[in-house]
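Trainee: predicted model, plus sequence, below.
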Amino acid sequence: MEDIRLLDKLIIGLLCLSIVLSGTFIDYSYFLASIIIISLIRTFKDKNRMLTIKKQNLPLYFFFLLMPITILIGGFYARNFTGILEYLSIFILGFLLCFVCLIILNNNKKIEYLMKIYIVFAVLISLSNLIIYFVFYFTGHFENLLFIDNQGARSIGFYNNPNYYAVSVLIAVSFILGLYKTTVVTDKKLNNIRLIIYAILTFDLFLTMSRGALITYILVNIIFLVSGIKTKINIRKFLLKFTAYSFIIVGVFSVLLKTGILELVNDRFIRGLNDGGSGRVDLWGKSLDIFGSELFFVIFGVGGKQIETYTEFHIENTIHNSYLRFLLETGIIGFIVLILFLILLSTRVFSIKKFIIISPMFFAFLSFIFLSLTNDMFLTREFYLIVALIFCWKINISVHTMSPHYSLEGGN
C-alpha cells in the first residue's frame with residue numbers, strides 16, 4: 001500500500017489544528033476555507049481521483065440538505081433572523097468539514113493517521129495546561145489562561161469554556177481506545193507511551209472539572225473494558241497500568257499543587273445534585289414550556305438560535321441538552337431527522353447482528369451520545385469530524401468469525 005503523501009499529511013494536520021486550537025465554530029471558517037482549497041488542488045492534480053457522490057454517503061448529504069430546510073421553515077417565527085443565519089452557517093461549515101474528509105481520507109490508513117495526529121496535538125495542549133495549572137497555583141500567574149470561578153481553577157486549553165475543551169480531550173481519549181482495538185502494537189515501549197499519554201489526557205480532563213465529560217469518560221471506559229477488546233489478559237494489563245499511571249500523576253500533582261483537586265471535583269458534583277445540574281433541570285422545564293406554547297413550534301420549532309430571545313420564559317442560558325435543543329429549535333420534524341441520522345451512524349460503528357464494534361470511532365460516537373444529554377454537542381466541529389470519519393471508514397466483517405476485519409485499503 002502506498003505511503004500517505006506529504007500534502008495529504010499537511011491537510012490532515014491543518015484539519016486537526018483547526019479543531020483543537022479554538023472553541024468557536026465561526027472563527028475558523030477562513031482556516032477551513034484554506035484547507036478546502038488545498039484539498040481541491042490536491043484532488044484535481046491527481047488524475048486517478050475524481051470527485052464523485054457515492055451511494056453509501058447519500059444519507060450524509062440528505063442530512064445536510066434536510067436540516068437547513070427545517071431551520072429555514074422555523075425562521076418564519078424568528079425573533080432574531082441573525083440567529084437563523086448563524087445556525088445555517090454552522091451546518092454549512094460542518095458539511096464543508098465532512099466534504100474535506102471525504103476527499104482526503106480515501107483509505108483507513110489516512111484515518112488512523114488523522115486520529116494519531118489529533119492525539120499528539122491534544123496531549124501537547126494537555127501538557128501545556130498542566131504546566132500552566134502548576135505555575136498558577138504556585139505563583140498566581142497565567143490566570144487568564146484558566147477558567148476561574150468560585151469553585152476554583154479549571155483547564156480550558158484554547159477554548160473559552162472548560163466544558164467544550166473537555167470534549168476535545170475526551171475525543172483524544174476515545175481515539176486512543178479506538179486505535180487500541182483496531183491496531184496491534186507489539187512494542188512494549190509504544191504501549192507504555194500510549195498509556196502515559198492516556199494518563200496525561202485523563203488528568204487534564206479531570207482538571208476541566210466538567211461533570212458531564214467525567215461521567216462520560218467513566219461510562220466509555222466501562223464499555224471499553226467489557227466489549228471483549230483483545231484478550232482478558234491484555235485488558236487486565238491495560239487497566240492495571242493505566243490505573244497506576246493515573247494515580248501516580250494525580251497523587252503527585254495533588255501534593256505539589258497543595259490543593260484538594262479531588263475535593264473540588266467532588267464539591268462540583270454535590271453542587272450539581274443540589275442545584276439541578278447548575279440549573280439545567282430548570283432550563284429544560286422552561287424550554288418545554290416554549291415548545292408547547294404554539295402548535296407551529298411543536299411541528300417546526302422556534303428556529304435556530306432563538307431560544308434565548310424568549311425572555312418571557314426567563315431562559316438566560318443555553319439549555320445544555322442537544323436532544324432537547326434540536327426538538328425545540330427544529331420541531332418534531334427536525335428531531336426525527338436527527339434521531340434517524342444518529343441511528344444510521346450507530347449501525348456504522350456497531351454491528352447489532354454480530355454484536356461487535358466495527359469502527360474505531362465507536363467510542364468517540366458514544367462520547368457524543370452521552371455528552372449531548374448535558375451540553376450542546378451536535379453543533380460542534382468535533383461532532384462533524386466524527387461523523388465524517390464514520391462515513392469514511394471502510395470495514396469488512398468476516399462471515400466466519402465474530403471479530404471484525406479492518407481493511408486499510410478501503411474507504412470512500
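Mentor: That came through fine. No experiment lies behind these values; they were computed from the predicted model shown.
Trainee: could you use CA atoms for every contact and neighbour count after this?
Mentor: Fine.
Trainee: close enough to count as contact, F350 and P360?
Mentor: No - counting by CA atoms under 8 Å, F350 does not reach P360; the two are 9.9 Å apart.
Trainee: with neighbour numbers in mind, choose between these two.
Mentor: Neighbour tally, F350 and P360, criterion other CA atoms under 10 Å: the higher count belongs to P360, 27 against 17.
Trainee: is it fair to say that one lies in a helix?
Mentor: No - counting by DSSP: H, G, I helix; E, B strand; the rest coil, P360 falls outside a helix, being coil.
Trainee: can you give me the neighbour number for the nearest residue to F391 once chain neighbours are set aside?
Mentor: Of all residues not flanking F391 in the chain, N57 sits nearest, at 6.7 Å (CA to CA, 6 or more residues apart in numbering). Residues within reach of N57, counting by other CA under 10 Å, total 14.
Trainee: repeat for Y165
Mentor: Y165 has 24 nearby residues by other CA under 10 Å.
Trainee: name the element it belongs to?
Mentor: helix 162-182 (DSSP states H and E).
Trainee: quick one: name whatever helix or strand follows that helix.
Mentor: Downstream of helix 162-182, the first helix or strand assigned by DSSP H and E is helix 188-208.
Trainee: other SSEs contacting that next one?
Mentor: Where contact means 3 or more CA pairs under 8 Å, 6 or more residues apart in numbering; DSSP states H and E, helix 188-208 is packed against helix 108-139, strand 152-155, helix 162-182, helix 211-226, helix 232-256.
Trainee: for the fourth one, packing partners?
Mentor: For helix 211-226, the helices and strands in contact under the criterion 3+ CA pairs under 8 Å, 6+ apart are helix 162-182, helix 188-208, helix 362-371.
Trainee: do you know how far I333 is from L327?
Mentor: Counting by CA to CA, to the nearest Å, the separation of I333 from L327 is 8 Å.
Trainee: ok, T309 next?
Mentor: Counting by CA to CA, the gap from T309 to L327 is 17 Å.
Trainee: compare neighbour counts for those two and give me the winner.
Mentor: L327 (24 against 15).
Trainee: which helix or strand contains the more buried one?
Mentor: helix 322-349.
Trainee: could you give the mean pLDDT of that helix?
Mentor: Averaged across helix 322-349, the pLDDT comes to 90.
Trainee: pull the distance from it to the chain's centre.
Mentor: Taking CA atoms, centre = their mean, to the nearest Å, one finds helix 322-349 lying 16 Å from the centre of the chain it belongs to.
Trainee: next: stretch 124-138.
Mentor: 23 Å.
Trainee: who touches it?
Mentor: 141-143, 145-146, 155-157, 169, 200-201, 204, 257-258 (CA atoms under 8 Å, 6 or more residues apart in numbering).
Trainee: pull out the buried positions in it.
Mentor: I125, S126, L127, N129, L130, I132, Y133, F134, F136, Y137 (16 or more other CA atoms under 10 Å).
Trainee: just give me the least confident of the residues you listed.
Mentor: Y137 (77).
Trainee: sorry, back to before: following element in sequence after the helix holding L327, please.
Mentor: That would be, after helix 322-349 and using DSSP H and E, strand 350-351.
Trainee: following that next one, which helix or strand comes up?
Mentor: Per DSSP H and E, the first helix or strand lying C-terminal to strand 350-351 is strand 356-357.
Trainee: show the average pLDDT along that following strand.
Mentor: Regarding strand 356-357, the rounded mean pLDDT is 86.
Trainee: what do you get for stretch 105-124?
Mentor: For stretch 105-124, mean pLDDT is 92.
Trainee: off-centre distance for that stretch?
Mentor: 14 Å.
Trainee: please identify the buried residues of that stretch?
Mentor: Quick answer for stretch 105-124 (16+ other CA under 10 Å): 105-119, 121-123.
Trainee: ok, R381 to L179 distance?
Mentor: In this view, R381 and L179 are 21 Å apart by CA to CA.
Trainee: typo on my end, L379
Mentor: Here the criterion is CA to CA. By it, L379 lies 25 Å from L179.
Trainee: the more surrounded of the two?
Mentor: Taking neighbours as other CA under 10 Å, L379 and L179 compare with L179 leading, 17 against 14.
Trainee: nearest residue to that one in space, please, no chain neighbours.
Mentor: Counting by CA to CA, 6+ apart, L179 lies nearest to P360, which is 6.1 Å off, once chain neighbours are set aside.
Trainee: right, and the one you found touches V173 too?
Mentor: No - using CA under 8 Å as the test, P360 is too far from V173 to be in contact (11.8 Å).
Trainee: from what I can see N321 touches T374, true?
Mentor: Yes - counting by CA under 8 Å, N321 does reach T374; the two are 4.9 Å apart.
Trainee: follow-up on the earlier one: dump the helices and strands packed on helix 188-208 into CSV; add distance to S293 as well.
Mentor: Compiled in CSV, these are given as follows (distance: least, CA to CA, whole Å):
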stretch, distance to S293
helix 108-139, 44
strand 152-155, 38
helix 162-182, 31
helix 211-226, 30
helix 232-256, 49
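Trainee: out of those, flag the one nearest R79.
Mentor: helix 162-182 (27.3 Å; CA to CA).
Trainee: the closest one versus helix 211-226: what angle between them?
Mentor: Counting by axes from the mean of the first three to the mean of the last three CA atoms, to 10 degrees, helix 162-182 points 10 degrees away from the direction of helix 211-226.
Trainee: distance from helix 162-182 to the middle of the chain?
Mentor: Its chain's C-alpha centre and that of helix 162-182 lie 7 Å apart, by CA atoms, centre = their mean.
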